[in-house]
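*Asks:* here you go, sequence then predicted model.
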Amino acid sequence: MSDDTPIVEARENGPLIVKHLKTFKMPDGSVAEAKPLIALCRCGHSKNKPYCDGSHKDAGFDGSAQDVSQRDKIYEYAGSTATIHYNKLLCSHAGECVKNAANIFNPKNKPWVSPDEGTLEQITTVVAACPSGALSFSTADSGRDSLCGDEVEIQVEANGPLRVKNVPIEVDYWADGQTTREYVLCRCGLSKNKPFCDGTHADEGWSED
């Protein structure tokens, strides 16, 4: 890894330090200034979100993760043309699956994923749109794929996590199917799988305002 390779570091009980990032996007898609070093809030208390302002110290922020190994499981939903794979631990509740293919992904149904209710094109569109890597799919002719792109960027999700693409980070625990090609980082400080988002911000109704 060269000295100017983008990287994320999760400081102990402190912010996320991003180095050498070229593309940093706001929730509306606009590109913000990407300085050589950016300190991003992950405690949920900064008055200058998404940037850190030191509030984690006053808040007594604990950046450690809980033992989430029992929740780390791949669920498989088999269809005639494709099998959809889902790891609930990685899901940030972005809702791209329901927005793009409610006929396939319906939380009111059991099971909530029905591959044969849609087309392979819909499945690939949804998997590609999933920001966390929680969703992937496979066919009889191909292995499991989450369709991560080649972009090297971080985007802030409104009232949600940081969407990271192809920026490495060193952590103690990687979930099944998780990859540095695409993952989401907690901004609310409530995730049990820190530094990664586990969807708790949506369950708790967290708002950056």
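*Replies:* Noted; the coordinates are in hand. Residues are numbered from 1 along each chain as shown.
*Asks:* least trustworthy helix or strand in the protein by mean pLDDT?
*Replies:* strand 142-145 (a mean of 81; mean pLDDT, DSSP states H and E).
*Asks:* pick out the residue closest to the middle of the chain.
*Replies:* The chain has Val184 as the residue nearest its centroid, 2.3 Å off, counting by Cα atoms, centre = their mean.
*Asks:* so it makes contact with Arg163?
*Replies:* Yes. Proximity of Val184 to Arg163 meets the contact threshold set by Cβ atoms under 8 Å, at 5.7 Å. For every residue, glycine as well, the C-beta is placed using N, CA and C.
*Asks:* what do those two both touch?
*Replies:* Common contact partners of Val184 and Arg163 (Cβ atoms under 8 Å, 6 or more residues apart in numbering): Pro131, Ser132, Glu157.
*Asks:* any idea how far the second one lies from Glu157?
*Replies:* Here the distance between Ser132 and Glu157 works out to 10 Å (Cβ to Cβ, to the nearest Å).
*Asks:* neighbour-wise, which of these two wins?
*Replies:* It is Ser132, of Ser132 and Glu157, that has more neighbours when counted by other Cβ atoms under 10 Å, with 26 against 20.
*Asks:* and Leu147, what pLDDT?
*Replies:* Each residue has a pLDDT score; the one for Leu147 is 83.
*Asks:* show me where this structure has helices.
*Replies:* With DSSP state H applied, the chain shows helices at 55-59, 96-100, 120-129, 200-204, listed in chain order.
*Asks:* nearest residue to Pro15 in space, please, no chain neighbours.
*Replies:* The shortest distance from Pro15 to any residue other than its chain neighbours is 3.7 Å, reached at Cys52 (Cβ to Cβ, 6 or more residues apart in numbering).
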